[in-house]
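Trainee: Generate a structure from the sequence data that follows.
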Amino acid sequence: MNTLTKMTAVAFCSVFLFACDKFDIESLTMQSKPAPSAPVHIQVDPKADFQKFTEFQISQNAKVAALNEEITRAVQAGDLKALEPVLLKFSTQINDIAKELDSLPIYSSEIIKLKVQAKDLLLKSSELMIDNVKLQQNPSPQGVQSLVTKKEILIKVADEFTQLNNELATKYGDMTTQN
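Mentor: Prediction:
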């Protein structure tokens, strides 16, 4: 009889622990499911997106021009030690501009395409500028060929960007960005 009582107590405890364990698993499972949310509707306005992009482009063009002038002054000075920090600053700031461009809230597919092309153009022109400065310091036939290839690619990207930018400027009525 003592054995029967012990077995009953063990069985009861087992059932109790099993039930508690099952309850905890269910409660954890319920907690881990995300609450249903209402779908987010974003109003797509290509004209407003193009305006945002244009304003961004104008503000960033001034920064890029200042960076280009800084590099030009450093190259003309001929001080290689002073040129390295300028190139590093240039590269860092171009990458920052590219990140800002990525975060620009644009939802129209037409303008997103323009935004992607602008980023590509920015990064390729930055790379070409840095490679050109480095090639002037250490000339080589391979470097010249690489620079020529990159320049041809950049011209193609710039032409595509300009064409799309002009088409969108015409379409959305903002003629100030046409080149």
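Trainee: which secondary structure element contains the residue positioned nearest the centre of the chain?
Mentor: For the chain, residue 102 is the residue whose C-alpha lies nearest the centre (Cα atoms, centre = their mean; 3.8 Å). Assigned by DSSP states H and E, residue 102 falls within helix 80-103.
Trainee: so how many other residues sit close to residue 61?
Mentor: Counted with other Cβ atoms under 10 Å, the neighbours of residue 61 add up to 10. To be clear about C-beta, it is placed using only N, CA and C from the backbone, and glycine gets the same treatment.
Trainee: go on, residue 113?
Mentor: Residue 113 - counted by other Cβ under 10 Å - has 14 other residues nearby.
Trainee: How about it: what's its closest non-neighbour residue?
Mentor: Computed as Cβ to Cβ, 6 or more residues apart in numbering, the closest residue to residue 113 that is not its neighbour in sequence is residue 164, at 6.8 Å.
Trainee: Secondary structure class of that neighbour, three-state.
Mentor: Three-state secondary structure (criterion: DSSP: H, G, I helix; E, B strand; the rest coil) places residue 164 in helix.
Trainee: OK, contacts around it?
Mentor: Listed by Cβ atoms under 8 Å, 6 or more residues apart in numbering, the contact partners of residue 164 are 113-114, 117.
Trainee: now, which of those sits nearest residue 46?
Mentor: Among the contacts of residue 164, residue 114 lies closest to residue 46 (Cβ to Cβ), at 10.2 Å.
Trainee: Show the pLDDT at the closest one.
Mentor: Turning to residue 114, the model gives it a pLDDT of 96.
Trainee: Many thanks, I have nothing further to ask.
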